[in-house]
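What would the 3D arrangement of this be:
(chains A and B)
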Amino acid sequence: AQSVTQLGSHVSVSEGALVLLRCNYSSSVPPYLFWYVQYPNQGLQLLLKYTSAATLVKGINGFEAEFKKSETSFHLTKPSAHMSDAAEYFCAVSFSGGYQKVTFGTGTKLQVIP
Amino acid sequence: SAVISQKPSRDICQRGTSLTIQCQVDSQVTMMFWYRQQPGQSLTLIATANQGSEATYESGFVIDKFPISRPNLTFSTLTVSNMSPEDSSIYLCSVEAITSGRSETQYFGPGTRLLVL
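Okay, the predicted model is just below:
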């Protein structure tokens, strides 16, 4: 069965520091991978997605993620954290070619310290 | 983009009762989904709401407990039946929308926060 593992349920970074949120997937076939963000009291928003094209995927709000098949990873990064980045981030995987049967990770809450 | 609204935004219900959650999209979409996000946990797909036919349920979810309707391409309802405290959760409506030609994006509604006493 497809699954994703997010390392660290809580991550704290200083404002201006590098953001690194880790995600590993389990799969024997190439997956579709996603990162979503959930701001407090709001619905989920798609940050970026990997669909077997370029391995480095750029998303909204300055975030990007790199697909590494050898490491079965899809870590999310941002060079400089902003206070507005404080939210919960979910990694997700799908093998259906679309948004059906999407499996979500357990989420990582990002705290940005001024 | 697709703007999704859900009603109610939150509710407190007594065990044994049922609650129907509405999901309205501002544009016609092909795929609509219902998710559950239990306290402190991630999202779990309940079912895919199919227009004009029965919903497709994921393992662990059944129609008798979570009946779903989708009468057209912009509207769906999820009913949580015979509720128990274990059903306390956030219920999210989601759609897959075509943007920028072939590009597809998934949008989520703001969720319905349900507390069952």
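
Would you mind naming what in chain B lies close to chain A?
B:4, B:31, B:33, B:41-45, B:48, B:92, B:94, B:96, B:104-111 (Cβ under 8 Å from any Cβ of the partner chain). The way it works is simple: take the backbone N, C-alpha and C, and place the C-beta from them, glycine included.

Of those, grab the buried ones for PyMOL.
This is the PyMOL syntax for the buried subset of these, where burial follows 16 or more other Cβ atoms under 10 Å in any protein chain shown:
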select buried, chain B and resi 4+31+33+42+43+44+45+48+92+94+96+104+105+106+107+108+109+110+111
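
Tell me where chain B has strands.
Counting by DSSP state E, one finds strands in chain B at the ranges B:4-7, B:10-13, B:19-25, B:31-37, B:43-49, B:56-57, B:68-72, B:75-80, B:89-99, B:103-108, B:112-116.

Can you lay out those as a markdown table showing mean pLDDT?
A markdown table is the format used below for the strands of chain B (pLDDT from 0 to 100):
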| stretch | mean pLDDT |
| --- | --- |
| strand B:4-7 | 95 |
| strand B:10-13 | 96 |
| strand B:19-25 | 97 |
| strand B:31-37 | 93 |
| strand B:43-49 | 93 |
| strand B:56-57 | 94 |
| strand B:68-72 | 94 |
| strand B:75-80 | 97 |
| strand B:89-99 | 87 |
| strand B:103-108 | 78 |
| strand B:112-116 | 96 |
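
For chain A, what lies in contact range of chain B?
A:34, A:36, A:41-46, A:90, A:98-107.

so what's the residue nearest to B:F33 when sequence neighbours are not counted up against?
Among residues not flanking B:F33 along the chain, B:S94 sits closest, at 4.3 Å (Cβ to Cβ, 6 or more residues apart in numbering or on different chains). Residues near B:S94 by Cβ atoms under 8 Å, 6 or more residues apart in numbering or on different chains: A:44, A:99, B:4, B:32-35, B:106-109.
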